[in-house]
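Chemist: after the sequence you'll find the predicted model.
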Amino acid sequence: MTGRKRKSSEGGQKSQRDRHRRALDEEDDNVFSKNRKRTPKLHHEEDTLISPALSAKILNEALEQQREVLEEDEQAEEAKLQALPRLSIESVQPSVSSDDDDEIDDFQGFSETQSLYDGDAQEINEEDERILSAFMPKDAAPQQTLADVIIRRIREKDAEAATEERPVPKLDPSIIDLYKGVGKVMSRYTNGKIPKAFKHIASFEFWEEVLYLTEPEKWTPNAMYQATRLFASRNVKKAQRFYMLVLLPRVRHDIRENKRLHFSLYQSLKKSLYKPAAFFKGILLPLCKSGTCTLREAVIIGSVIQKLKIPPIHSSVALMKLAEMDYCGTTSYFIKLFLDKKYAMPYRVLDAAVAHFMRFLEDERIMPVIWHQSLLSLVQRYKNELTREDKDNLDRLLQHQKHHLVTPEIKRELKDSLNRGEKEDDIVSPVSVINQKIEEDRWDFPTVPMEED
């Protein structure tokens with residue numbers, strides 16, 4: 001009995017310990033489950049992903065806010081431009097894309113280690129310049145600038161402005177103050193973005209008066225390059241006026257003062273040739289018509305024509321205009337440049353070039369070497385496109401105008417050439433009978449005499 005009671009008591013204690021253990025396990029499970037339902041700690045939040053729809057919505061809101069800020073800034077800056085009743089703004093239809101505008105703004109400037117351009121100026125000597133100066137007119141007018149044009153225009157309309165050294169056009173005072181400030185920025189400009197107000201100048205109806213307010217003669221060379229890029233992207237007429245009244249006077253002044261050209265101004269000339277018609281009408285032809293183009297100017301500006309590709313039609317027109325205008329010594333240099341490009345010139349242009357040289361048949365002056373060299377280029381490149389009459393006339397010219405080295409070469413080229421319209425097959429050369437090919441008929445046998453039986 002005692003052993004049975006002891007076993008039952010031990011079994012009761014064991015079952016009680018089991019129940020207590022299960023209660024503790026259930027309590028631990030409850031605590032653990034409660035801890036899992038707690039809010040995750042901060043360093044766990046990084047693993048949370050935002051849905052694509054919510055991400056797109058956040059980005060759209062940010063872009064919209066940024067766009068509104070930019071529009072407010074532009075409206076504040078253009079408020080002065082809209083306040084001018086006398087200065088009508090054309091509907092802006094730029095020929096360049098917005099990417100082009102960004103490219104202009106991102107300009108980083110040129111290094112001052114490349115500040116000046118010599119080109120082929122080392123080939124120029126004082127003797128050549130002295131000879132060519134004899135062909136320049138003595139009463140040539142000075143180079144006209146934008147300031148000259150605007151000042152004369154103002155004084156014609158306002159007699160009171162005649163006493164002022166640099167009169168101001170009658171525009172809105174806010175516009176005058178704005179663009180005078182732009183001029184100060186351009187006079188110190190080295191690199192970076194240009195003022196947005198400056199980019200609007202080409203869109204004005206009276207853009208020349210507004211450009212005059214910025215005093216282009218005081219711009220830095222890098223600012224001139226920026227302005228050239230801007231006007232080269234506009235229509236031909238505006239680009240031509242800018243080249244003739246702003247860029248060309250600045251280039252000539254820099255060459256005259258420094259005996260060389262600033263690298264940024266040389267790049268401006270290259271950029272201006274992207275509008276070939278404007279370049280020829282605004283730079284090349286006015287330079288030659290002035291009658292004061294020096295050999296150094298011709299070599300530096302001509303190197304741009306020599307290096308860049310130009311459409312043949314524009315080159316043909318430029319060559320014909322040069323051949324027809326009054327002769328200046330350096331005109332021959334530009335004529336030679338176009339002839340050496342070896343374009344397929346129309347017959348009308350070649351006839352004008354021949355007539356240009358025939359004008360010196362009765363001239364008693366000793367022509368410079370560059371004149372003879374340009375004639376040699378014409379004969380070398382286009383000798384087979386000249387008529388027999390042209391060659392006879394040039395032969396008479398060579399008897400009057402001679403050079404001991406160049407003239408024999410010209411005569412040799414004229415002698416060994418075809419006439420216009422002829423082909424090599426048209427020239428029948430005598431063939432010796434001995435060298436003729438023998439032709440035989442394999443079926444034409446000679447008669448053979450037979451002996452009679």
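Modeler: Nice, thanks for sending it over.
Chemist: what mean pLDDT does whatever helix or strand Leu322 lives in have?
Modeler: Here Leu322 sits within helix 312-324, counting by DSSP states H and E. For helix 312-324, mean pLDDT is 93.
Chemist: and that helix, C-alpha only, in CSV?
Modeler: Extracted C-alpha coordinates of helix 312-324, given in CSV (Å, rounded to 0.1, in the frame of the first residue of the first chain):
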residue,chain,number,x,y,z
PRO,A,312,30.4,75.3,-105.1
ILE,A,313,27.5,77.7,-106.0
HIS,A,314,28.5,80.2,-103.3
SER,A,315,32.2,80.0,-104.4
SER,A,316,31.2,80.6,-108.0
VAL,A,317,29.2,83.7,-107.2
ALA,A,318,32.0,85.0,-104.9
LEU,A,319,34.7,84.4,-107.6
MET,A,320,32.6,86.2,-110.3
LYS,A,321,31.9,89.2,-108.0
LEU,A,322,35.7,89.5,-107.2
ALA,A,323,36.5,89.3,-110.9
GLU,A,324,34.1,92.1,-111.8
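Chemist: in the stretch 101-250 of the chain, which spans are strands?
Modeler: Taking DSSP state E, counting those that start in this stretch, the strands of the stretch 101-250 of the chain run over residues 116-117.
Chemist: for the helix holding Leu322, give me every contacting residue.
Modeler: Applying CB atoms under 8 Å, 6 or more residues apart in numbering, the external contacts of helix 312-324 come out as 276-277, 280, 284-285, 288, 331, 334-335, 338-339, 341, 343-346, 348-349, 352-353, 355-356. The C-beta positions use only the backbone N, C-alpha and C, and glycine is treated the same way.
Chemist: and Cys288, what element?
Modeler: helix 285-289.
Chemist: ok so, going back, helices - which of the contacts of helix 312-324 land there?
Modeler: Among the contacts of helix 312-324, DSSP state H puts 276-277, 285, 288, 331, 334-335, 338-339, 348-349, 352-353, 355-356 in helices.
Chemist: okay, the angle between the helix holding Leu322 and helix 331-340?
Modeler: 150 degrees (axes from the mean of the first three to the mean of the last three CA atoms, to 10 degrees).
Chemist: okay, buried residues for stretch 368-379 please.
Modeler: 368, 370-379 (16 or more other CB atoms under 10 Å).
Chemist: now tabulate the residues you listed in TSV and tack on distance to Val168 and secondary structure.
Modeler: Output for those, formatted as TSV (distance: CB to CB, whole Å; DSSP: H, G, I helix; E, B strand; the rest coil):
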residue	distance to Val168	secondary structure
Pro368	46	coil
Ile370	46	helix
Trp371	48	helix
His372	52	helix
Gln373	50	helix
Ser374	47	helix
Leu375	52	helix
Leu376	54	helix
Ser377	50	helix
Leu378	51	helix
Val379	56	helix
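Chemist: nearest to His262, of those?
Modeler: Ranked by distance to His262 (CB to CB), the buried residues of stretch 368-379 are led by Ile370 at 26.1 Å.
Chemist: got a list of what the residue nearest to the closest one when sequence neighbours are not counted touches?
Modeler: Leaving aside its sequence neighbours, Ile370 sits nearest to Ser332 (CB to CB, 6 or more residues apart in numbering; 4.6 Å). Going by CB under 8 Å, 6+ apart, Ser332 touches 368, 370-371, 373-374.
Chemist: same thing with Trp371?
Modeler: Counted by CB under 8 Å, 6+ apart, Trp371 has contacts 329, 332, 360, 401.
Chemist: and for the first one, the neighbour number?
Modeler: Here the number of neighbours of Gly329 (other CB atoms under 10 Å) works out to 23.
Chemist: pLDDT at it, what is it?
Modeler: 85.
Chemist: how far away is the nearest residue to it once chain neighbours are set aside from Ile305?
Modeler: Closest residue to Gly329 in three dimensions, ignoring its sequence neighbours and counting by CB to CB, 6+ apart: Leu132, at 3.3 Å. From Leu132 across to Ile305, the span is 18 Å (CB to CB, to the nearest Å).
Chemist: same check on Leu54?
Modeler: For Leu54, the distance to Ile305 - CB to CB - is 61 Å.
Chemist: what about those two, which has more around it?
Modeler: Ile305 (21 against 10).
Chemist: low-confidence bits of this protein, can you list those?
Modeler: 1-52, 55-56, 59, 66, 69-126, 138-139, 160-162, 425-453 (pLDDT under 70).
Chemist: can you rerun that using 80?
Modeler: 1-142, 158-165, 423-453 (pLDDT under 80).
Chemist: and Leu265, what element?
Modeler: Assessed by DSSP H and E, Leu265 sits inside helix 263-272.
Chemist: could you list the buried residues of that helix?
Modeler: 263-269, 271-272.
Chemist: other SSEs contacting that helix?
Modeler: strand 116-117, helix 221-232, helix 248-258, helix 295-307 (3 or more CB pairs under 8 Å, 6 or more residues apart in numbering; DSSP states H and E).
Chemist: which ones are touching Asp340?
Modeler: So, once contact is read as CB under 8 Å, 6+ apart, Asp340 ends up touching 306, 377, 381.
Chemist: swap in Ala62?
Modeler: Residues counted as contacts of Ala62 (CB under 8 Å, 6+ apart): none.
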